[in-house]
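Participant: Next comes the sequence, and after it the predicted model I'd like to discuss.
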Amino acid sequence: MPAFTARRLLPLAAIAAASALVLSACSAPSGGDAASEGGELVWAIEGANLSAGKMDPQVSQLDVTAMVQRQVLDSLVFQESDGSFSPWLAKKWTVSDDGKTYTFELRDDVTFTDGTPFDAEAVKANFDRIVDPATKSAQAKAMLGDDLYAGTAVKDAHTVEVSFTQPYAPFLQAASTAQLGFWSPKVLKNSADKLAAGGPDVSVGTGPFVLSEYTADQEIVYTRNDDYAWGPDGAKAPAIETLRVEILPEASVRAGVVSSGEADVASQLPPNAVGDLGDDITVEAKEYPGLPYSLFLNEKYGVFADQKVREAFSLAIDVDAAVEQIFFGEFPRAWSILGPTTPGYDESLEGTWAFDADKANALLDEAGWTERDADGIRMKDGKRLSARWIAWTPIPEDRTALANAVQSDLKKVGFEITREALEPAAYNEQYGPKTYDITDWDFSGVDADLLRSHLGTDGFQNASQVSDPAVDELLADGLASSDPAQRNGIYTEVQQWNAEHVAIVPLYVNSAITAQNDDVKGLAYDLYGRPLFYGVSVAR
């Protein structure tokens, strides 16, 4: 564990129960008074994979990348807590009648922290870089429309036109994220190959902070950008002078340092880590929008080619009991491939697929897995009913416990699940050619278009290898429609398709849990539950 600056210790008073988690309101940031405040805020995060070349949100798919680099990366627009959009680097914008072209009028008073002006050319350079095959972007490229992106045209120094080959409804939401934030054109020209590793003089944006120090697997130090005057909702230079990000993979350690006062804020906490923080600690929890934590069944590789086997798999898991026991009732079980806070969530799926071991057994019998070996595992044609689950490390303890419960439940119906915990490089060696039966993750996103990458034939996160023309058509319709009610109807159909087809088995709806001590004032959150530090001050 890295050394910390000495801090006053917080009194350890009565136990703060995990059930006291408060749902955070996503308030808009407000500017601090840099002259009258100052000092340092220490923020403890998990961050274990940042050192694996994950410091560039335009390339990395990790939530933590966007979370930390939001400090230096601004966006064209800001998404408010009610889902609406307000100006940020763009003063105003229009959308063409055919929905294919977005025209942005940019601020003319913004500079990157290396002195380069922010202008229309900077927007074009960043967007063109994202879609360049050499960049190897996946998530950001998908958010920018992927093959639908027709280009960015510079109309004048501070007017830019972003065009698509067809109507592209999710673009404003995408344009509000760090994934479509802006690196300095000077960096893109001279040091683009270093952005993945990150560091001072490389991770250069227009944001409220400057990345001044970076020690891989230990800490990132962000220093206030004193010239910052263009934040969302009038945010100006932050009150704090230094934001020190401590990388602490163990959740218990993160909880411990915020409880002791060695850190001011701790993020990415599981429910079982917040029960003993003390009554001087405020805990905020916000359900992630997007895809709940799920198991992806690869239907093109092994036993999951049979829909009856996929259905049996989902019915054999006692999801309610496992989620309740492991997450102390704080995380709800998931019923759909969209979480309840995501626009388009289909409430009608709630309660529609309960644990049913008898039905699971009957389905496996129908699928021909009727014999048993000495271990009680089902057999057919001399082969065991076995599926291999690959998991990306590091794996939190609670997800290990959940995996054990899944394996135990499946074994009771004669279905063997073997699980391999793999380092990122080893994981990718199998994920690339899809030589696995099961993998797992959750994926945060405010727009249901995220299902396109998970269920579309060419989706970059299509771990189940789904290829269904009807689903592709639905996803294309959702992409093109600008009518919220119509889009919600389309994504309802997609969710119901998965409930029947069982390509993805959702297990629980994760939450962003953040703890802060009583010295911290003005901490706000975005719609993903990530802390925003524009208006934060620390009373010492």
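Facilitator: Arrived safely, thanks for sending.
Participant: use CA for all of it now, contacts and neighbours both
Facilitator: Fine.
Participant: Extract the CA atoms of stretch 260-280 and return them as CSV.
Facilitator: What follows is stretch 260-280, C-alpha atoms only, in CSV (Å, rounded to 0.1, in the frame of the first residue of the first chain):
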residue,chain,number,x,y,z
SER,A,260,-9.2,6.5,9.3
GLY,A,261,-9.0,9.9,7.5
GLU,A,262,-6.1,8.9,5.3
ALA,A,263,-8.4,9.4,2.3
ASP,A,264,-11.2,11.9,1.9
VAL,A,265,-13.2,9.9,-0.6
ALA,A,266,-13.3,6.2,-1.6
SER,A,267,-15.0,4.8,-4.6
GLN,A,268,-15.9,1.4,-6.1
LEU,A,269,-16.9,0.0,-2.7
PRO,A,270,-19.0,-3.2,-2.2
PRO,A,271,-21.8,-3.2,0.4
ASN,A,272,-19.8,-5.5,2.8
ALA,A,273,-17.0,-2.9,3.0
VAL,A,274,-19.1,0.0,4.3
GLY,A,275,-20.8,-1.5,7.4
ASP,A,276,-18.1,-0.4,9.8
LEU,A,277,-17.1,3.0,8.4
GLY,A,278,-18.3,5.1,11.3
ASP,A,279,-21.0,7.8,11.6
ASP,A,280,-18.6,10.5,10.4
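Participant: now that stretch: mean pLDDT?
Facilitator: Mean per-residue pLDDT for stretch 260-280: 90.
Participant: Spell out the residue ranges of the helices in the stretch 51-200 of the chain.
Facilitator: According to DSSP state H, counting those that start in this stretch, the stretch 51-200 of the chain carries its helices in the segments 63-69, 120-131, 139-143, 171-174, 185-190.
Participant: Residues contacting the fourth one from elsewhere in the structure, which ones?
Facilitator: Around helix 171-174, the neighbours that count as contacts under C-alpha atoms under 8 Å, 6 or more residues apart in numbering are 77, 79, 85, 143, 144, 145, 180, 446, 447.
Participant: Export those residues to a markdown table and append columns for distance to residue 41.
Facilitator: Shown next, in a markdown table, are the contacts of helix 171-174 (distance: C-alpha to C-alpha, whole Å):
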| residue | distance to residue 41 |
| --- | --- |
| 77 | 27 |
| 79 | 25 |
| 85 | 29 |
| 143 | 32 |
| 144 | 34 |
| 145 | 37 |
| 180 | 27 |
| 446 | 28 |
| 447 | 32 |
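Participant: Any of these buried? List them.
Facilitator: 77, 79, 85, 143, 144, 145, 180, 446, 447 (16 or more other C-alpha atoms under 10 Å).
Participant: show me what contacts the first one?
Facilitator: In this case it means residue 77. When contacts are counted by C-alpha under 8 Å, 6+ apart, residue 77 is found next to 85, 86, 87, 88, 89, 90, 172, 175, 176, 232.
Participant: What's the separation between it and residue 236?
Facilitator: According to C-alpha to C-alpha, to the nearest Å, residue 77 and residue 236 sit 16 Å apart.
Participant: what's the answer for residue 226, then?
Facilitator: Look at residue 226 and residue 236: by C-alpha to C-alpha, they are 9 Å apart.
Participant: hmm, back to that, out of the buried ones among the contacts of helix 171-174, which comes closest to residue 329?
Facilitator: Proximity of the buried ones among the contacts of helix 171-174 to residue 329 (C-alpha to C-alpha) peaks at residue 446, which lies at 24.1 Å.
Participant: And the pLDDT at the closest one?
Facilitator: For residue 446, pLDDT reads 93.
Participant: next one: residue 394
Facilitator: Note for residue 394: predicted pLDDT of 86.
Participant: Hmm, it is touching residue 47, no?
Facilitator: No - at 10.0 Å, residue 394 does not count as touching residue 47 under the criterion of C-alpha atoms under 8 Å.
Participant: Which one's more surrounded, these two?
Facilitator: Between residue 394 and residue 47, residue 47 has the larger neighbour count (other C-alpha atoms under 10 Å), namely 27 against 16.
Participant: Model confidence score at the more buried one, please.
Facilitator: Looking at residue 47, its pLDDT reads 94.
Participant: The one 4 residues further on too?
Facilitator: Looking at residue 51, its pLDDT reads 94.
Participant: Please name the nearest non-neighbouring residue to it.
Facilitator: residue 216 (5.3 Å; C-alpha to C-alpha, 6 or more residues apart in numbering).
Participant: any idea how far that neighbour lies from residue 197?
Facilitator: 9 Å.
Participant: just to revisit the earlier point, name the residues contacting each of residue 226 and residue 236.
Facilitator: Contacts common to residue 226 and residue 236, judged by C-alpha under 8 Å, 6+ apart, are residue 208.
Participant: Neighbour count: these two, which is higher?
Facilitator: The residue with more neighbours, out of residue 226 and residue 236, is residue 236; 23 against 17, by other C-alpha under 10 Å.
Participant: any weak-confidence spans in the protein?
Facilitator: When residues are selected by pLDDT under 70, those of the chain lie in 1-37.
Participant: Domain ranges for it, per the record?
Facilitator: Following automatic domain parsing, the chain resolves into domains at 73-193, 290-509.
Participant: what about the last one, how long is it end to end?
Facilitator: As for domain 290-509, its first-to-last residue distance stands at 9 Å under the measure C-alpha to C-alpha.
Participant: Look up how far residue 296 lies from the closest residue to residue 191 other than its chain neighbours.
Facilitator: Leaving aside its sequence neighbours, residue 191 sits nearest to residue 202 (C-alpha to C-alpha, 6+ apart; 6.7 Å). Noted for residue 202: a distance of 36 Å to residue 296, by C-alpha to C-alpha.
Participant: cool, residue 514 as well?
Facilitator: 28 Å.
Participant: Looking at these two, which is more packed in?
Facilitator: A direct count of neighbours by other C-alpha under 10 Å for residue 514 and residue 296 places residue 514 higher, at 26 against 22.
Participant: Which of the helices or strands spans that one?
Facilitator: Assigned by DSSP states H and E, residue 514 falls within strand 511-517.
Participant: Residues contacting that strand, please?
Facilitator: For strand 511-517, contacts defined as C-alpha under 8 Å, 6+ apart pick out 255, 258-259, 261, 264-271, 280-288, 331, 528-530.
Participant: can you give me the strands in the stretch 1-150 of the chain?
Facilitator: 22-23, 40-45, 77-79, 85-87, 90-95, 101-106, 149-156 (DSSP state E, counting those that start in this stretch).
Participant: quick one: buried residues of the longest one?
Facilitator: By neighbour count on 16+ other C-alpha under 10 Å, the buried set for strand 149-156 is 149, 150, 151, 152, 153, 154.
Participant: Tell me what angle it forms with strand 101-106.
Facilitator: Interaxial angle of strand 149-156 relative to strand 101-106 (axes from the mean of the first three to the mean of the last three C-alpha atoms, to 10 degrees): 40 degrees.
Participant: Direction included, what does strand 149-156 pair against?
Facilitator: strand 159-164 (antiparallel) (DSSP bridges).
Participant: again with the fourth one
Facilitator: In its sheet, strand 85-87 lies beside strand 77-79 (antiparallel), with partners assigned from DSSP bridges.
Participant: Check the second one too.
Facilitator: Sheet pairing of strand 40-45 (DSSP bridges) gives strand 242-247 (parallel), strand 265-266 (parallel).
Participant: Just want the phi and psi numbers for residue 252.
Facilitator: phi -60, psi -30 (degrees, to the nearest 10).
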